[in-house]
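[1] How does the following fold in three dimensions:
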Amino acid sequence: MNNAHERLPRISGLQFGTMVTAGYMAMGVFYFPRELVTSAGRDGIWGLWLDGAITFGLMALSFAMSHIVPNETFGEFSSQLLSKPVGLLLGLVTIAYHLLLAVVMVVEFTSLFDNDFLSGTPAWAIIASLMLASLYMAWSGAATLARVLQAGYIPMVILSIATLMVAGSVMRHTTLLLPPTNIQFIPLLQGSYRQYFIFIGFEVSITLYPFIRNEDRKAAEYYAYGGLALMIGILTIMYEVSIATFGPAYIPLMRWPMVNLMRIVEISGFFIDKWGSLVIVLWTIAVLGFMAVRLWCTAHDLAALLSIRSVGAYRYLLLLGATIVWIISMLIPNAAISDYITQQYLIPIGLIYLTTIPILVIIMGLLRKKTVRKLRVSSEDPTTPGLK
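    Next comes the predicted model:
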């Protein structure tokens with residue numbers, strides 16, 4: 001078992017909230033709100049808010065699970081609490097899920113830049129650049145990664161919101177800004193399900209939680225909730241501006257609605273004519289942050305699965321995860337296939353994982369209180385080494 005005291009420097013509550021938000025904010029943003037509008041039409045805004053409310057609930061469940069043994073990651077204590085076979089299975093599922101999410105993100109990003117920005121650039125070059133930059137961000141551990149994310153995300157979010165406000169000047173159908181009241185529930189639920197990919201990924205919290213300073217843990221949860229609320233607000237603005245600009249009939253025909261919206265934003269007299277295109281490039285920060293957090297979690301979950309205690313093993317496991325992502329990404333030729341993987345596998349598996357695992361762990365924690373006490377005591381043993 002890893003010891004929380006050895007994981008120095010540990011992260012603050014704000015850094016935890018930043019890293020958890022980084023774990024999902026880049027997923028699906030480039031093709032948002034296509035899936036919502038395709039299934040639900042104008043009702044899609046209600047589907048977005050439903051997804052947000054569900055995510056708040058599932059995030060609370062995730063934190064409740066982490067409270068059981070707060071100084072160990074889920075991968076570290078699951079075998080003792082749930083039995084070794086179950087712990088091994090869930091550890092493998094968690095690692096595979098981290099890697100598949102990373103693969104889908106890489107394929108989407110590569111497809112976007114190959115088609116719209118760097119046409120003709122070999123896919124391997126884009127993927128390699130993305131992987132190397134993500135590795136560099138995650139190389140020095142959680143605290144350094146969190147500081148990098150804080151430095152990059154604040155200007156990115158501010159510029160994105162400002163650009164969306166400017167994009168409001170090109171809206172053609174302002175009457176579509178009002179949420180509809182004649183809701184059709186089945187299409188709304190279908191759209192909500194298909195678009196939920198944009199929130200999947202916050203499960204990184206079950207690996208990050210032990211790395212928070214003890215006195216900051218309650219605040220850390222509030223920061224994570226605040227990051228989620230901010231994301232819902234930004235996505236709401238994105239949805240409203242895009243549907244009022246393109247209309248619900250045209251958005252389903254677009255491959256990258258948000259990219260198309262940003263690219264029409266111009267600021268006269270500024271030294272960069274296509275200001276929106278600059279903001280899209282800045283979104284690379286979100287993609288790199290997502291990948292870095294995902295690789296960091298993969299390394300720690302691999303260490304727990306393989307019972308590796310050495311701090312020096314972290315970077316080797318990081319390289320292993322990045323190599324697996326690079327190889328699998330090269331085998332997927334386009335984003336259409338990654339979309340199929342997302343809809344058929346990642347969303348249903350993700351929802352099942354995020355719902356059933358915390359409930360199972362919480363129930364077992366209540367039934368096996370003696371085991372939980374032992375795990376808490378042993379996780380505080382100052383002689384036990386940990387990763388960073």
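[2] List the contacts of residue 94.
    By CB atoms under 8 Å, 6 or more residues apart in numbering, residue 94 lies in contact with 74-75, 203, 301, 353. From N, CA and C alone the C-beta is placed, and that goes for glycine too.
[3] Any chance of a markdown table for the residues you listed, columns pLDDT?
    Converted to a markdown table, the contacts of residue 94 look like this (pLDDT from 0 to 100):
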| residue | pLDDT |
| --- | --- |
| 74 | 89 |
| 75 | 87 |
| 203 | 87 |
| 301 | 91 |
| 353 | 91 |
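[4] which of these lies closest to residue 143?
    The nearest member of the contacts of residue 94 to residue 143, counting by CB to CB, is residue 301 at 18.8 Å.
[5] Helix, strand, or coil at that closest one?
    helix (DSSP: H, G, I helix; E, B strand; the rest coil).
[6] just to revisit the earlier point, filter the contacts of residue 94 down to the buried ones and hand me the ChimeraX line.
    To isolate the buried members of the contacts of residue 94 in ChimeraX, using 16 or more other CB atoms under 10 Å:
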select :74,75,203,301,353
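[7] ok, the contacts of residue 94 vs residue 62, which is closest?
    Closest approach between the contacts of residue 94 and residue 62, by CB to CB: residue 203, at 6.4 Å.
[8] is it true that that closest one lies in a helix?
    Yes. Checked against three-state DSSP, residue 203 lies within a helix.
[9] any idea which helix or strand carries the nearest residue to it once chain neighbours are set aside?
    Once flanking residues are discounted, residue 203 sits nearest to residue 354: 6.0 Å by CB to CB, 6 or more residues apart in numbering. If you go by DSSP states H and E, residue 354 is part of helix 347-367.
[10] Show me what the helix or strand just after that helix packs onto, helices and strands only.
    Scanning forward in sequence from helix 347-367 by DSSP H and E, the next helix or strand is helix 369-379. Helices and strands touching helix 369-379, as assessed by 3 or more CB pairs under 8 Å, 6 or more residues apart in numbering; DSSP states H and E, comprise helix 74-82.
[11] Go again with 10 Å.
    Under the contact definition 3 or more CB pairs under 10 Å, 6 or more residues apart in numbering; DSSP states H and E, helix 369-379 sits against helix 44-68, helix 74-82, helix 347-367.
[12] for those helices, which one sits closest to residue 232?
    When these are compared by CB to CB, helix 44-68 sits nearest residue 232, at 4.1 Å.
[13] For that closest one, name the packing helices and strands.
    With contacts defined as 3+ CB pairs under 10 Å, 6+ apart, helix 44-68 has these neighbours: helix 34-40, helix 74-82, helix 185-195, helix 205-208, helix 217-246, helix 347-367, helix 369-379.
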